[in-house]
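Asker: what's the 3D shape of this:
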Amino acid sequence: MIPSRERACHRVAGALGLALTLGSTASLAQDAGVWPARTIQIVVPYTPGTGADILARILGPKLGERWKVGVVTDNRAGASGNIGTDFVAKSAPDGYTLLCTATSFGTNPAINQKLPFDPMKSFAPVILLATSTMAVIVTQGLSARSMREFLDLARGQPGKLYYSSPGNGGPQHLAMELLKLDARIDLVHVPYKGSGGALADLVGGHVQAMIVSLQTVAPYVQSGKLRMLAVMSSERSPAFPEVPTLKELGLADLEVDTWYGMFAPAGTAGAVISKLNADVNALLKQPEIRELLAKQGLVPAGGTPDRFGDLVKRELARWSRVVATAGIKGD
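Answerer: Numbering: from 1, shown residues only. Below is the predicted model of the structure:
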């Protein structure tokens, strides 16, 4: 007869063995292709209508159709994207909570050294979804008619020209600071609380320049309210083929795109990452999807998780250098 204490130990050991077996079975089932088996949440750490939100709402339903499960977009805006990003970082790494984010993922750590997550260790890169072009814009009242004339004007009047941005430490702010460093010009930063006020004061001539995404500023340029001097992409924009790139003007290190990408929490199974990557890549190649994105000024990207991870590493290093050199402080 087995003593009661020994019987209890046998029961505990049996329960542990069963739990390990079930856990292993669940993991194998996930790797074997059972995922996804329930609704997937795509967290967008910005307000509705932003590029990341548009991408999530275009791609999400299409992924749901492929997988025969619900895919919902969850906007968790605030703190320059850090609230929603932290939520995903602390979510279970089971493939059911994903992050659809943008360039601020790479700029925020440079500004804020005390984030509640680690941008490299807390996430598994899934895919680079799309990019959009950023452009150097000036008010129509400025005498400079070209990028070279603008640089000459700025060099002749150090600290006398003003530029606006949607906020301190944002991608537009840091992109202009990068231009200042590489072109050796001195402009004064005027931060606003969003693009609306920054653009309105640029149109009104209260500030002289701004770096902004092409899709945001295109209507102002097309209507003649603002002047586009250069784009920061590697190639000229099909929408404005007459506008040169900064690379053409001798500023080779100033290629800056707004990028959008998808992450999963760190520890998510490799098979899940691979399936996500393959299925999103397939969607980004569809003519219907490409047309929808083009209407929003977004260029489909795609590629491997490693390609996206390498981009994020470069972004973190670049913006840390800009912030340190320019002495930028967070709000």
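Asker: where does this structure have low pLDDT?
Answerer: Filtered on pLDDT under 70, the chain yields the residue ranges 1-33, 331.
Asker: what's the neighbour count on residue 210?
Answerer: Neighbourhood size, residue 210 [other Cβ atoms under 10 Å]: 27. Backbone N, C-alpha and C define where each C-beta goes, glycine included.
Asker: So in terms of bridging, what pairs with it?
Answerer: Note on residue 210: beta-bridge partners by DSSP bridges are residue 137, residue 164.
Asker: going forward, begin numbering at 8 instead of 1
Answerer: OK, 8 is where the count begins now, so the last one is residue 217.
Asker: So it is in contact with residue 179, correct?
Answerer: Yes: counting by Cβ atoms under 8 Å, residue 217 does reach residue 179; the two are 7.1 Å apart.
Asker: got any residues that touch both of these two?
Answerer: Overlap of the contact sets of residue 217 and residue 179 (by Cβ atoms under 8 Å, 6 or more residues apart in numbering) consists of 172, 205.
Asker: Next, give phi and psi for residue 215.
Answerer: Torsion angles at residue 215 (phi, psi; degrees, to the nearest 10) stand at phi -100, psi -20.
Asker: separation between the nearest residue to it once chain neighbours are set aside and residue 89?
Answerer: Computed as Cβ to Cβ, 6 or more residues apart in numbering, the closest residue to residue 215 that is not its neighbour in sequence is residue 168, at 4.7 Å. Distance, residue 168 to residue 89, using Cβ to Cβ, to the nearest Å: 32 Å.
Asker: now residue 249
Answerer: Counting by Cβ to Cβ, the gap from residue 249 to residue 89 is 39 Å.
Asker: Of these two, which one has the most company?
Answerer: Neighbour count, other Cβ under 10 Å: between residue 249 and residue 89, residue 89 has more, with 20 against 7.
Asker: Which strands or helices does the strand or helix carrying the more buried one pack on?
Answerer: Using DSSP states H and E, residue 89 maps to helix 89-96. Judged by 3 or more Cβ pairs under 8 Å, 6 or more residues apart in numbering; DSSP states H and E, helix 89-96 is in contact with strand 47-51, strand 104-109, strand 264-272.
Asker: list the contacts for residue 164?
Answerer: For residue 164, no residue meets the contact criterion (Cβ under 8 Å, 6+ apart).
Asker: From residue 105, how far off is it?
Answerer: Counting by Cβ to Cβ, the gap from residue 164 to residue 105 is 48 Å.
Asker: Same question for residue 265.
Answerer: Residue 265 is 20 Å from residue 105, by Cβ to Cβ.
Asker: What count of nearby residues applies to the residue nearest to residue 215?
Answerer: For residue 168, using other Cβ under 10 Å, the count is 20.
Asker: Just confirm it contacts residue 195, I think it does.
Answerer: Yes: assessed by Cβ under 8 Å, residue 168 is found in contact with residue 195 at 7.1 Å.
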